[in-house]
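Undergrad: Mind looking at a prediction? Sequence and model below.
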Amino acid sequence: MVTATADHEELVYQRPEALSDIHTHYCPGCTHGTAHRIVAEVIDELGIQERTILVASVGCSVFAYNYFEVDSCEAAHGRAPAMATGIKRIQPDKIVFTYQGDGDLASIGMAEVIHAAGRGENITTIFINNAIYGMTGGQMAPTSLLGQKTTSSPFGRDAKLAGFPMRMAELLANLPGTAYSVRRSLHDARHVIQAKKAIRLAFETQLAGLGYSLVELLSSCPTNWGMTPAEALAWVEKEMIDHYPLGDYKVADELKTQARRGRK
Amino acid sequence: MPKQLLKGNVAIAEAAIRAGCEAYFGYPITPQTELLEHMSKRMIELDRVFLQAESEVAAINMVYGAAAAGARAMTSSSSPGISLMQEGFSYIAGSEVPVVIVDVMRGGPGLGNIQPSQGDYNQVTKTAGHGDFHPIVLAPSTIQEAMDLTVLAFDLADKYRTLVIMVADGAIGQMMEPAELPPMRPVREKPPDWALTGAAGREKNINTSIHMDAESLEAFNQRLQQKLSLIQENEIRYEELFLNDAQLVIVAFGTAARIAQSAIKRLRDEGLPVGLFRPISLWPFPERQLADLVARKAKGKPLVRSFLVVEMNAGQMLHDVRKAVGTQIPVKFLGRMGGVVPMPDEIEEQARTLLALFREPKKHLLQESGNGHRNR
């Protein structure tokens, strides 16, 4: 966003219109703020603020409706894709997106997200994967890594006891109704820029009416991981990406030209 | 429009369409599945929204979304599916969106069976979900009434921005009888102001049930309670039959009331003073109207000598009747469970026993009338 302000000044960076001018409740160093900002930038760039509807979920992003300047609602835990389905079916010309964490989407809401994708529901999901339950204070999530210590896996996640971490972007990519399913990371500036391009493409998938779109964002939770913000970002890069490879798992043919352009 | 032979589930679905239902989301479950099937055809024909959800949990949340987006939306299910929907009921109450739910009740607990039952009375009237709220609950006893109450359910849902549950049972859902379809209304042209339609040229709308601050949540709850009080003042519905001189008042709703009516007509043919009080709104419950019956006097003495509550459960509405009428007049109970429908004969026999007591109160008769759950 570049706005001329005075003769020799150029405003090169400001709060996106779609992002509310208030403080968030997120912890210092949490990447929710980054994710919110790039989603809001995409909404601005696509000029869809006045026809976008957010379905917030349960978890740390429960108050997301306070932070986006769009019509919003707050679904029950895991049910955001079902609620979004109801909204989109009634208002097919609106841009409907869910913003869900890993406990919400990959645990309690697994059925709702798989079936929304399976139906090719023309909605977009921003999926925050930080490998932990943040809001309730750091319990094991379905996405927690093997060996990861949490308040409910104090000896480290043991596959014999608690199974294996879920790879959602790959899983949902298997469904014919999914038009776009990718994983990106928010651990440094370069990856944030790539994440934003993917979010833009996900919204464009919906604008083109191609079906379900999802962007999984590897995110940090310094508070519940017991790390400094810098250590947490390093942990995303060193530990999480190993198990959750970044990449495009499904890109509908209609999107491939744009996707190539987006990667450059 | 002339009467036609209609099956209960189909009649309810068609009445909903005619009431202006714009969106239906549901999941197959006996004995309500014909309702979903009728919707799957007619809603698509009319270019409205129909979707078979992956579960009742998803169905109610799709209804929640559609209603939040300004549509007249509904779902239907039967008892086990209603249990799954209860999470959604609470959110819908907490975020004040108008929704219509039809529960074609079957035998429980658990999977139970697919026979008619009234076992969900407490579930829908008292424990529809976590937190302090009640849905409006309507109970038809004929197919005509099921259609009329379906139309009313949409109007009440909109009027109070609340959820309305119509409870039929397997008998009403499955049987056929002549009835007149309601007129076709146009669907609503414009969504309500509070709906999520995209914030074009206005402030954003937020639909949520969360209030983290205790004072603010209490303030919301106080407002919700005021709304429920208003519903209690305005939306009591019931039917009285032969109550002018009735000494025995049978209290029953839905199919049980219909069967009781057969027994009452036989007894009335013999000139016996028995009548029917049939709650149509189960919440709000016609508590004052029942209490008024207790106050009726004949020659200085109470006219009503006994109440007999008849239900297809273990005695759920019974507690509301007892609360309404107090301890001055005995309240007896006859109930069948597990999908067993009471026969007019057994209601008649029970009524005769009680009526005989009024004439010659003998102790041994009182003792004989106690046989387990059927006669508390």
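TA: It's in.
Undergrad: Name all residues that make contact with B:Arg322.
TA: Contact partners of B:Arg322, counting by CB atoms under 8 Å, 6 or more residues apart in numbering or on different chains, are B:Val331. Placement of C-beta: from N, CA and C, glycine included.
Undergrad: So for it, what pLDDT did the model give?
TA: Here the pLDDT value assigned to B:Arg322 is 98.
Undergrad: what do you get for A:Tyr133?
TA: 97.
Undergrad: My guess is it contacts A:Ala141. True?
TA: Yes. Because the distance of 5.4 Å satisfies CB atoms under 8 Å, A:Tyr133 is recorded as touching A:Ala141.
Undergrad: So which of the two has more stuff around it?
TA: Of the pair A:Tyr133 and A:Ala141, A:Ala141 is the one with more neighbours under other CB atoms under 10 Å in any protein chain shown, namely 29 against 26.
Undergrad: Can you get me a residue count around A:Pro28?
TA: Applying other CB under 10 Å, we find 9 residues neighbouring A:Pro28.
Undergrad: Could you find the closest non-adjacent residue to it?
TA: With CB to CB, 6 or more residues apart in numbering or on different chains as the criterion, A:Pro28 has its nearest non-adjacent residue at 6.4 Å, and that residue is A:Pro229.
Undergrad: if we can go back for a sec, mind listing the shared neighbours of A:Tyr133 and A:Ala141?
TA: Once CB under 8 Å, 6+ apart is applied, the residues that A:Tyr133 and A:Ala141 both contact turn out to be A:103, A:150.
Undergrad: Relative to B:Pro186, how far out is A:Leu201?
TA: Distance, A:Leu201 to B:Pro186, using CB to CB, to the nearest Å: 40 Å.
Undergrad: For these two, indicate the residue with more neighbours.
TA: A:Leu201 (23 against 6).
Undergrad: What helix or strand is the more buried one located in?
TA: Under DSSP states H and E, the secondary-structure element containing A:Leu201 is helix A:189-207.
Undergrad: Sketch out the low-pLDDT regions of the chain for me.
TA: This is for chain A. Within chain A, the set of residues satisfying pLDDT under 70 comprises A:1-6, A:259, A:261-264.
Undergrad: hm, I was asking about chain B
TA: Counting by pLDDT under 70, chain B contains low-confidence ranges at B:360-376.
Undergrad: Would you tell me which residues of it are close to chain A?
TA: Within reach of chain A by CB under 8 Å from any CB of the partner chain, chain B has these residues: B:22-23, B:25, B:49, B:51, B:53-55, B:57-59, B:61-71, B:73, B:87-88, B:91, B:95, B:196-201, B:204-210.
Undergrad: now, which of these lie within helices?
TA: B:57-59, B:61-68, B:87-88, B:91, B:95 (DSSP state H).
Undergrad: in chain B, which spans are helices?
TA: Listed in chain order, the helices found in chain B under DSSP H are B:8-18, B:33-45, B:56-68, B:79-95, B:121-125, B:143-160, B:170-174, B:214-234, B:254-269, B:287-295, B:317-325, B:344-359, B:363-368.
Undergrad: list the contacts for residue 195?
TA: By default, I'm working from chain A. Under the criterion of CB under 8 Å, 6+ apart, the contact list for A:Ala195 reads A:35, A:38, A:184-186, A:215, A:217.
Undergrad: Chain B was what I was after
TA: With contacts taken as CB under 8 Å, 6+ apart, B:Ala195 has the following neighbours: B:68-70, B:205.
Undergrad: who wins for most neighbours among these?
TA: For these, neighbours were counted using other CB under 10 Å, and B:Ala68 has the most, 34 neighbours in all.
Undergrad: how close does the residue lying closest to that residue once chain neighbours are set aside get to B:Ala260?
TA: If the residues on either side of it in the chain are set aside, B:Ala68 comes closest to B:Asn207, at 4.7 Å by CB to CB, 6+ apart. Applying CB to CB, the value for B:Asn207 to B:Ala260 is 43 Å.
Undergrad: Compare those two and say which is more crowded by neighbours.
TA: For B:Asn207 versus B:Ala260, neighbours defined as other CB under 10 Å are more numerous around B:Ala260 (29 against 26).
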